[in-house]
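> Below are the sequence and a predicted model for it; my questions follow.
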Amino acid sequence: MAGGLAALLDDVAAIARAAAASVDDIAAAAGKASTKAMGVVVDDAAVTPRYVDGFTPDRELPVIWKIAKGSLRNKLLFILPAILLLSQFLPWLLTPLLMLGGLYLSYEGAEKIWEAVSGHSKVKEAPAAIKGPNHEDTMVSGAIRTDFILSAEIMVISLNEIADVGFWMRALTLVVVAIGITALVYGAVALIVKMDDAGLHMAANPSTKRLGELLVKAMPIVMKVLSTVGIAAMLWVGGHILLVGIHDLGWTPMYDLVHHWEVAATEAAGGFVGWLVNTLASALLGIIVGAIAVVVMHLIPRKKSHADAH
């Protein structure tokens with residue numbers, strides 16, 4: 001009996017070790033999968049706060065929670081099954097799909113630069129106050145629709161980083177990525193949105209007044225920095241996806257040239273400089289492709305409409 005119990009305990013210990021190793025593997029895979037998606041995550045965190053602009057402070061966190069639940073539903077119920085089936089049965093579609101995502105990111109980044117330079121923004125200011133009983137539902141629905149596109153990019157980019165692992169490991173890893181990134185994005189959004197309130201509360205207390213005022217003044221700067229970083233990240237990630245995708249589809253000269261520059265920079269000045277060279281080259285490609293997309297989507301239709309009017 002004792003021998004049987006010892007054997008059972010050995011089996012349990014072996015299963016526990018295997019489970020722990022699997023958890024470690026999933027965590028490592030999730031970290032690898034989410035690294036390239038960080039550019040989209042930053043943009044998501046920068047975009048979402050505008051959807052809670054104009055709500056009373058007591059409704060801000062409930063609205064963010066509604067959007068977060070919608071985002072998680074997007075990832076787990078719609079996007080995840082679709083991309084897993086594609087990766088299992090039509091894996092050759094992933095590279096073109098990923099490149100479409102890279103094109104979209106490059107377009108978004110270039111469009112934001114064009115809006116800043118031209119002064120024409122497609123984003124309308126949020127209302128100063130709630131308009132009607134359905135306004136909250138309308139804003140939440142709009143945020144969830146926007147999130148769907150960004151979530152799809154995050155999940156496809158993440159999947160591409162772990163395409164070589166087994167099906168169930170892919171599925172579990174992407175579930176971890178979906179939950180972790182959703183918590184990260186909307187936790188950051190909640191923190192950003194409530195930072196003003198925290199600063200005002202601190203400013204009302206004599207002992208923390210100076211810190212509270214500094215916090216309130218710093219928030220517009222933080223939002224501008226976050227927006228700039230988001231644009232840069234979109235261009236870098238979008239350009240890099242296109243660069244690698246072109247290589248994977250069989251046209252290698254551009255990728256080989258950038259790789260040559262990266263290796264030369266690494267040998268001359270170290271790994272960080274090599275990474276920086278690759279990043280700048282990817283961002284440049286993102287700007288060029290994105291600018292072409294902006295011209296096609298904005299300037300050409302406008303010229304055509306003017307011609308038709310005359």
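It's in.
> Give me the below-cutoff pLDDT ranges for the stretch 151-300 of the chain.
Applying pLDDT under 70 to the stretch 151-300 of the chain picks out residues 299-300.
> switch to 90 and redo it
151-238, 240-241, 244-245, 248-252, 268-276, 279, 296-300 (pLDDT under 90).
> residue boundaries of the helices in it?
Here the stretch 151-300 of the chain has its helices, by DSSP state H, counting those that start in this stretch, at 167-203, 209-248, 253-269, 271-294, 300-309.
> do you know which of the ones you listed lies nearest Phe89?
Closest approach to Phe89 among those is made by helix 167-203 (10.7 Å; CB to CB). Heads up, the C-betas are built off the backbone N, CA and C, glycines and all.
> how about the closest one: buried residues?
170-174, 176-178, 181-182, 185-186, 188-190, 192-195, 199, 202-203 (16 or more other CB atoms under 10 Å).
> For that helix, enumerate the helices and strands it packs against.
With contacts defined as 3 or more CB pairs under 8 Å, 6 or more residues apart in numbering; DSSP states H and E, the packing partners of helix 167-203 are helix 2-35, helix 38-47, helix 57-73, helix 80-89, helix 135-161, helix 209-248.
> which residues touch stretch 284-291?
For stretch 284-291, contacts defined as CB atoms under 8 Å, 6 or more residues apart in numbering pick out 102-103, 105-111, 113-114, 234-240, 242-243, 254.
> Weed out the non-buried ones from those residues.
By 16+ other CB under 10 Å, the contacts of stretch 284-291 give 102-103, 105-111, 113-114, 234-240, 242-243 as buried.
> Could you tell me how far Trp251 is located from Val189?
Trp251 is 39 Å from Val189, where distance means CB to CB, to the nearest Å.
> now His240
From His240 to Val189 the distance is 25 Å (CB to CB).
> same question, Met195
From Met195 to Val189 the distance is 11 Å (CB to CB).
> And for Val295?
Counting by CB to CB, the gap from Val295 to Val189 is 32 Å.
> With His247 instead?
Look at His247 and Val189: by CB to CB, they are 35 Å apart.
> Pro220 now?
Look at Pro220 and Val189: by CB to CB, they are 16 Å apart.
> With Ser282 instead?
Ser282 is 27 Å from Val189, by CB to CB.
> again with Leu284
Leu284 is 30 Å from Val189, by CB to CB.
> Next up, the contacts around the closest residue to Ala171 other than its chain neighbours.
Distance criterion CB to CB, 6 or more residues apart in numbering; nearest residue to Ala171, sequence neighbours excluded, is Leu84 at 5.8 Å. Contacts for Leu84 (CB under 8 Å, 6+ apart) come out as Leu159, Phe167, Arg170, Ala171, Leu174.
> Per-residue pLDDT of Leu84, please?
Here, the pLDDT recorded for Leu84 equals 89.
> and what of the one 5 residues further on?
According to the prediction, Phe89 has pLDDT 88.
> ok, how many other residues are close to it?
8 (other CB atoms under 10 Å).
> Hmm, Ile241 and Gly102 touching each other?
Yes. Counting by CB atoms under 8 Å, Gly102 touches Ile241, with 3.1 Å between them.
> Please report phi then psi for Ala204.
The phi and psi torsions at Ala204 (degrees, to the nearest 10) take the values phi -80, psi -10.
> How about it: what's its closest non-neighbour residue?
Spatial nearest neighbour of Ala204, chain neighbours left out: Gly212 (7.3 Å); criterion: CB to CB, 6+ apart.
> Pull the contacting residues for the one you found.
Going by CB under 8 Å, 6+ apart, Gly212 touches Ala198, Gly199, Leu200, His201, Met202, Ala203, Ala204, Asn205.
> Using a markdown table, please lay out the residues you listed together with distance to Glu60.
As requested, the contacts of Gly212 are exported to a markdown table (distance: CB to CB, whole Å):
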| residue | distance to Glu60 |
| --- | --- |
| Ala198 | 12 |
| Gly199 | 14 |
| Leu200 | 13 |
| His201 | 14 |
| Met202 | 18 |
| Ala203 | 19 |
| Ala204 | 19 |
| Asn205 | 21 |
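> Right, I'll leave it there.
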